[in-house]
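1. A predicted structure for the sequence below; I have some questions about it.
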Amino acid sequence: MCGIVAYIGNKPAQPLLIEGLKRLEYRGYDSAGIAILDETTGSLDVCKSVGRVAALEDKLEEAPLTGSVGMGHTRWATHGSVTDINAHPHTDDTGTICIIHNGIIENYASLRTLLEEKGHTFTSETDTEVLANLIAELHDPDADMDLESAVQAALREVTGAYAIAVMSSHEPGVLVCARKGSPLIVGVGSGEYIVASDGSAIIAHTAQAITLDDYSVIRLTRDGFRTATIDNVALTPKVMQLELDLSQIELGAYEHFMRKEIFEQPKVLRTCMKGRLDRHEGKIVLGGLMSFAKELVKSKRVILGAQGTALHAAMIGEYLLEDLAKIPAECEYASEFRYRNPIIEEGTVFVSVSQSGETIDTLSALHEAKDRGALTLGVVNVVGSTISRETDAGVYLRVGPEIGVASTKAFIGQVCVLTMVSLFMARRRLMSPEASARIIAELETVPDLMEQVLEQDEHIKEVTAKHIDRENWLFLGRGYNYPTALEGALKLKEISYIHAEGMPAAEMKHGPIALIDEGMPVVFIANKGPQYDKVLSNISEVKSRGGHVIAVATEGDTEIRSLADDVLEVPEVSDMLSPMLTVVPLQLMAYHAAVLRGHDVDKPRNLAKSVTVE
Ligand code: M6R
């Protein structure tokens, strides 16, 4: 939700923090701030601003901060409205302790009352300011309570999620960071450390990073570091190499990350499949599943849990698992699974699908499934993320960092991985090598076919422009393309702020048909699949009520041209693989609608890339 970055080293901290915040801005962007400890004067200076990092930069131009220990934050508001005062960093009421925080301190209200009783005063409405004062209350360098010990003691009192960085004017060359439930990694440079919510703020400086488990605290100085739990049990640090390069997180020639990521899809799909398909043997090679292959073959039921776009991909996974591997499968909102006392029998596999690997609803559902005895798999993009670490086994998407808040290439990666997982299980259960080889051969053609869809970008833009003033859209599909319809509606609403609903095409006549009036845009996913004729009937029902039909149809389909007002063609492919093609025109429609309406495509209002609050 929020992005945090902190630095300790010998370089001026301000430019480094600002650069880091710009990289992390996709995580939250309603306000930003930095704090720097000037070790020569001992002063701890804070600068904050509502709005984007650029607004903060403007403020800093007038009054730059000096020093080489500091922290920065880009916020997605949870507690308290979007104001300069509520923006991070926060200090305690004496201005000694300074903190940035991503997550939610759930018991902040009772802690605040307790601290008020002890005489502390508060200026903001945030949970973070409570934590700053709690640390200050415990911090006493003269009584063996240094900053690290005070942070550990404070964190033993809090419930909730946190990734924090803390500094104290009493201990100038020290930075203390900790995490539970929210992401945080520590880049290791030469005589310097850069702490951040993700590798994008680190990679320009170093590729070596320390990952932290929940309840870990790290104390950093220019001379080294020490890791321990919040109970002060020493930990052995885990060091990883960041697999990122700068071009992956920069716009290049593109105007927006969303557009870049849509156009990257054929390439990342090839990377996702590389080395994993053995067409000659009709086999799928997924190293991350091998140690649990036997359990997967014997499994009796699969439950997929996810949110948002990942949920739509998981819904396609549900169909694939039943069609190919013949395993009963069901997909649901992770947030609902978590709280409905689910029954997990022996032989149940729980699959968490997530781009970030940090979505709290998805993570909590995973914990629930694990506690109830399920074998857990992760279908995750971000390497080393919490879900990837906490699942028994898994398959990475390998689509590279997704910066646009609207998820596009991750969806393609998720559908592709779920296709491969289904084939992996199918082939080991009942599918013949020949049948599997046929599907693999077709899967290999999808990136090239997707390139043909992308060539229609201009036409898709023209069709979108015709309806740009309409405030209500419907997206309808059946079978494998029912989740695609949901995804088309989600994309449109989240970046263009147009109201859109997706549903199974058959459901329309059970109520939503009442919405259709003259010229209402209704997008049908009408590829030549097993339910094509039924979709044509639904199209006629919309036409006869004055709706304007935009059909995503199979190339060369002449019949649909006599019914639909506009046709967006996709090459012919089997129904089970079609969502990877039919979704592309819908992504581009949403993109063009947002641009035509003048919205910030990559940072839509009220949203954040990774949703780490329930
Ligand atoms: O990181 P995750 O895949 O777990 O995120 C799940 C959803 O929050 C995410 O897909 C969200 O719906 C996107 N904004 C969709 O574009």
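-> Thanks, I have it. Numbers count the residues shown, from 1 in each chain.

2. what's the domain layout of the chain?
-> Partitioning the chain according to automatic domain parsing yields domains covering residues 3-247, 257-451, 457-596.

3. in CSV, list the ones you listed along with distance to the ligand, mean neighbour count and mean pLDDT.
-> Heads up, the C-betas are built off the backbone N, CA and C, glycines and all. Below are those laid out as CSV (distance: least, CB to the nearest ligand atom, whole Å; neighbours: other CB atoms under 10 Å; pLDDT from 0 to 100):
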stretch, distance to the ligand, mean neighbour count, mean pLDDT
domain 3-247, 11, 20, 94
domain 257-451, 2, 21, 96
domain 457-596, 6, 20, 96
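
4. tabulate these (CSV), appending distance to residue 614.
-> Putting those into CSV (distance: least, CB to CB, whole Å) gives the following:
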stretch, distance to residue 614
domain 3-247, 8
domain 257-451, 6
domain 457-596, 19
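
5. helices along the stretch 151-300 of the chain, start to end?
-> Listed in chain order, the helices of the stretch 151-300 of the chain (DSSP state H, counting those that start in this stretch) span 257-263, 265-273, 293-298.

6. ok, and what's touching the longest one?
-> In other words, helix 265-273. The contact list for helix 265-273 (CB atoms under 8 Å, 6 or more residues apart in numbering) reads 397-400, 408-409, 412-413, 416-417, 420, 443-444, 446-448, 450-451, 454, 580, 584.

7. include distance to residue 119 when you put the helices of the stretch 151-300 of the chain into CSV, please.
-> Compiled in CSV, those are given as follows (distance: least, CB to CB, whole Å):
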stretch, distance to residue 119
helix 257-263, 48
helix 265-273, 56
helix 293-298, 57
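
8. measure residue 93 to residue 239 for me?
-> To residue 239, residue 93 is 38 Å away according to CB to CB, to the nearest Å.

9. ok, residue 544 next?
-> For residue 544, the distance to residue 239 under the criterion CB to CB works out to 65 Å.

10. if I've got this straight, residue 340 is in a helix?
-> No: inclusion of residue 340 in a helix is not indicated when DSSP: H, G, I helix; E, B strand; the rest coil is applied; the result is coil.

11. what about it, distance to residue 347?
-> Using CB to CB, residue 340 is found at 20 Å from residue 347.

12. how about residue 15?
-> Where residue 347 is concerned, residue 15 sits at a distance of 55 Å (CB to CB).

13. can you check residue 569 too?
-> Counting by CB to CB, the separation of residue 569 from residue 347 is 43 Å.

14. try residue 236
-> Distance from residue 236 to residue 347, counting by CB to CB: 36 Å.

15. could you do residue 305 as well?
-> The separation that residue 305 has from residue 347, given CB to CB, amounts to 17 Å.

16. equivalent analysis for residue 559, please.
-> Taken as CB to CB, the spacing of residue 559 relative to residue 347 amounts to 45 Å.

17. same question for residue 515.
-> To residue 347, residue 515 is 43 Å away according to CB to CB.

18. repeat that for residue 444.
-> With distances taken as CB to CB, residue 444 is found 32 Å from residue 347.

19. surely residue 16 meets residue 194?
-> Yes: under the criterion of CB atoms under 8 Å, residue 16 makes contact with residue 194 at 7.2 Å.

20. joint contacts of those two?
-> A shared contact of residue 16 and residue 194, defined by CB under 8 Å, 6+ apart, is any residue touching both; here these are 7, 205.

21. in helices only, show me the contacts of helix 265-273.
-> Among the contacts of helix 265-273, the members falling in helices (DSSP state H) are 409, 412-413, 416-417, 420, 443-444, 446-448, 450-451, 454, 580, 584.

22. among those, which one lies nearest to residue 489?
-> Within the ones in helices among the contacts of helix 265-273, the smallest distance to residue 489 is 15.4 Å, found for residue 584 (CB to CB).

23. gap between the spatially closest residue to the closest one that is not a sequence neighbour and residue 265?
-> Beyond its immediate neighbours in the sequence, the residue positioned closest to residue 584 (CB to CB, 6 or more residues apart in numbering) is residue 453, lying 4.5 Å away. According to CB to CB, residue 453 and residue 265 sit 9 Å apart.

24. now residue 291
-> In this structure, residue 291 lies at 31 Å from residue 265, with CB to CB as the measure.

25. how about residue 432?
-> Here the criterion is CB to CB. By it, residue 432 lies 31 Å from residue 265.

26. over to residue 231?
-> Separation of residue 231 from residue 265 (CB to CB): 46 Å.

27. and residue 436, by the same measure?
-> When CB to CB is the yardstick, residue 436 and residue 265 sit 24 Å from each other.

28. who touches whatever residue of the stretch 501-614 of the chain ends up closest to the ligand in this structure?
-> With distances taken as CB to the nearest ligand atom, the stretch 501-614 of the chain approaches the ligand most closely at residue 611, which sits 4.6 Å away. The contact partners of residue 611, by CB under 8 Å, 6+ apart, come to 1, 307, 308, 359, 360, 361.

29. the residues you listed in helices, which ones?
-> If you go by DSSP H, the contacts of residue 611 have 308, 360, 361 in helices.

30. just checking, the second one touches residue 183?
-> Translated: residue 360. No: with contacts counted by CB under 8 Å, residue 360 stays clear of residue 183, the gap being 11.0 Å.

31. can you give me the strands in the stretch 51-200 of the chain?
-> Per DSSP state E, counting those that start in this stretch, the stretch 51-200 of the chain has strands spanning 69-75, 90-91, 97-105, 160-168, 171-180, 185-188, 193-196. These are given in chain order.
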